[in-house]
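> Got a sequence here, can you build the structure:
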Amino acid sequence: MHLSVLVFVSVLSGSSFALDNGLMRTPPMGWLAWERFRCDIDCAHDPKNCISENLFMDMADRLSEDGWRELGYVYVNIDDCWSSKQRDDQGRLQADPKRFPGGIHKLARYMHDRGLKLGIYGDMGTHTCGGYPGTTLDKIQLDAQTFADWEVDMFKFDGCYSNASVQEEGYPLMSKALNATGRPIGYSCSWPAYQGGLPPKVNYTQLGQICNLWRNYGDIQDSWSSVLNIADWFFENQDVLGPAAGPGRWNDPDMLIIGDFGLSVDQSRSQMALWAILAAPLFMSNDLRTISGEARSILQNKMVIGINQDPMGVQGRRIVKEKSGIEVFWRPLSGDASALVFFSRRTDMPYRYQTSLSKLNYTTGSYKAFDVFTNSAMVLKDSADFVVSVNPTGVVMWYISAPARLNVRQYFSSDRMQGSAYRLDKDNAIPRVFF
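Sure thing, here's the model as predicted:
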């Protein structure tokens, strides 16, 4: 694997297709209500845990006070069920006055005062998936301007209660309408998820021209089987999906469910690692007020986030699938570095997997490998075998430095070689700071 050549080709393949709004040059990060809270609108029974402005303000407080914002988690996103059942007298969408008594504009200001951004949800159809007013073709410009007037920063456009022809017209129209408002609004479109996620029904070149990110596949649920099903679909179709991704245009495998109820600690690390390899948006859907320390440490892991946020923006891929249940994933990173993930599909016991960097198609050289979850480091020569112990449904994730350069001066410093001919200099070091 000649890293520099492969990276160049990957970047060049889609560099001219990004949506021209200057947003989301790295995968967006934040918090999203849907998976954890759905349409829980029983505010009278439990006002702190319903889809109300209190919930979103609480999440904003946690993001701004508990170290999340500084790591890049800046979006707080409303999903379905936020609106009134009726538009107002001017035909505009309006928030449910019982759940959002201050209105969406006030909530946006609350986010902005804390250095955060507000996202909102709509639907390209007669109704949203939850049965609230949708955005028909004649309402696209009005709704886009309404969101801009409310100072919204991101818009997710779902596709329930519409058809292929309406979507083909409506999703590009909304992109133009959002840009025409003059307000920078990141655009997440669910169009490919409603057309099977793959060509010929899905045109990923067009998607990269009109959307910042897009849902390709079904909704995630709070279970390991759901995470595994989504990851399998993305990596089985990596040859199609990988070239579509890049700065400003991202495949979205859906939310991080780390910190909820369905994943073990090992499975949580696996989702975080695989989403980082995919260059996926990192939207948590959990309760940040009660999240465990273990879940927090995974979601706040600076090196995993740094890998996810690599500015080159190349989506990674699966490079090995063993009969033993071990799979290996690789992602090229800036500065000729890379990330490796060793993942176990096994459910019985830890598995000791033996390989070498040369078997994984790394070029000749000496590399420094940093384990992002244990904070341990080692130097590996490309031809030297090594063993990693991978827990059931777990991962081992490494940041791999660029190969060391041949130190010619050291090699010829005397009649015989003085030490190693490879120099672990700054180009072969683990970055001290990722942000």
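> Assumed residue 367 was part of a helix.
No: assessed by DSSP: H, G, I helix; E, B strand; the rest coil, residue 367 does not belong to a helix; its assignment is strand.
> my guess is it meets residue 379, correct?
Yes: using CB atoms under 8 Å, residue 367 is in contact with residue 379, at 7.2 Å. (C-beta placed from N, C-alpha, C; glycine too.)
> neighbour count winner among those two?
Ranked by neighbour count (other CB atoms under 10 Å), residue 367 and residue 379 place residue 367 first, with 23 against 15.
> so who does the more buried one touch?
357, 379, 380, 381, 382, 400, 401, 402, 403, 404, 428 (CB atoms under 8 Å, 6 or more residues apart in numbering).
> quick one: which of the residues you listed is nearest residue 235?
residue 400 (19.4 Å; CB to CB).
> didn't that closest one look like it was pressed against residue 336?
No: if you go by CB under 8 Å, residue 400 and residue 336 don't touch, sitting 9.6 Å apart.
> between those two, who's got more neighbours?
residue 400 (24 against 16).
> Pairing partners for that one in the sheet, please.
residue 338, residue 369 (DSSP bridges).
> Quick check: it vs residue 394, distance?
Using CB to CB, to the nearest Å, one gets 19 Å for the distance from residue 400 to residue 394.
> Would you check how far apart the closest residue to residue 371 other than its chain neighbours and residue 24 are?
Nearest non-adjacent residue to residue 371, counting by CB to CB, 6 or more residues apart in numbering: residue 398, 5.9 Å away. Going from residue 398 to residue 24 by CB to CB gives 27 Å.
> swap in residue 375?
Taken as CB to CB, the span from residue 375 to residue 24 is 30 Å.
> Looking only at neighbour counts, state which of these two leads.
residue 24 (25 against 9).
> That one reaches residue 213, doesn't it?
Yes: judged on CB under 8 Å, residue 24 makes contact with residue 213 at a distance of 6.7 Å.
> shared neighbours of the two, which are they?
186, 250.
> returning to that earlier point: drop anything exposed from the contacts of residue 367.
357, 380, 381, 382, 400, 401, 402, 403, 404, 428 (16 or more other CB atoms under 10 Å).
> Off-centre distance for stretch 147-161?
19 Å (CA atoms, centre = their mean, to the nearest Å).
> for stretch 281-297, same thing?
15 Å.
> Would you mind splitting the chain into its domains for me?
19-308, 317-428 (automatic domain parsing).
> Can you give me every residue that contacts the spatially most central residue of the chain?
Closest residue to the average C-alpha location of the chain: residue 281 at 2.0 Å, with CA atoms, centre = their mean. Applying CB under 8 Å, 6+ apart, one finds that residue 281 lies in contact with 27, 28, 29, 213, 250, 252.
> Please tell me the pLDDT value assigned to it.
At residue 281, the model reports a pLDDT of 98.
> For residue 199, see how far away it is.
22 Å.
> Please apply the same query to residue 389.
Residue 389 is 40 Å from residue 199, by CB to CB.
> try residue 223
For residue 223, the distance to residue 199 - CB to CB - is 29 Å.
> Just the CA atoms of stretch 309-326, as PDB, please.
Extracted C-alpha coordinates of stretch 309-326, given in PDB (Å, rounded to 0.1, in the frame of the first residue of the first chain):
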ATOM      1  CA  GLN A 309     -11.600  15.000  12.300                       C
ATOM      2  CA  ASP A 310      -8.600  14.600  10.200                       C
ATOM      3  CA  PRO A 311      -8.600  17.500   7.700                       C
ATOM      4  CA  MET A 312      -7.800  15.300   4.700                       C
ATOM      5  CA  GLY A 313     -11.300  13.800   5.000                       C
ATOM      6  CA  VAL A 314     -10.600  10.500   3.400                       C
ATOM      7  CA  GLN A 315     -13.100   7.800   4.500                       C
ATOM      8  CA  GLY A 316     -11.400   4.600   5.700                       C
ATOM      9  CA  ARG A 317     -12.100   1.000   4.600                       C
ATOM     10  CA  ARG A 318     -12.000  -2.600   5.700                       C
ATOM     11  CA  ILE A 319      -8.800  -4.300   4.400                       C
ATOM     12  CA  VAL A 320      -8.900  -7.700   6.100                       C
ATOM     13  CA  LYS A 321     -11.800 -10.100   6.900                       C
ATOM     14  CA  GLU A 322     -10.600 -13.300   8.600                       C
ATOM     15  CA  LYS A 323     -12.400 -16.500   9.000                       C
ATOM     16  CA  SER A 324     -11.500 -16.300  12.700                       C
ATOM     17  CA  GLY A 325     -13.900 -13.300  13.100                       C
ATOM     18  CA  ILE A 326     -11.200 -10.700  13.100                       C
END
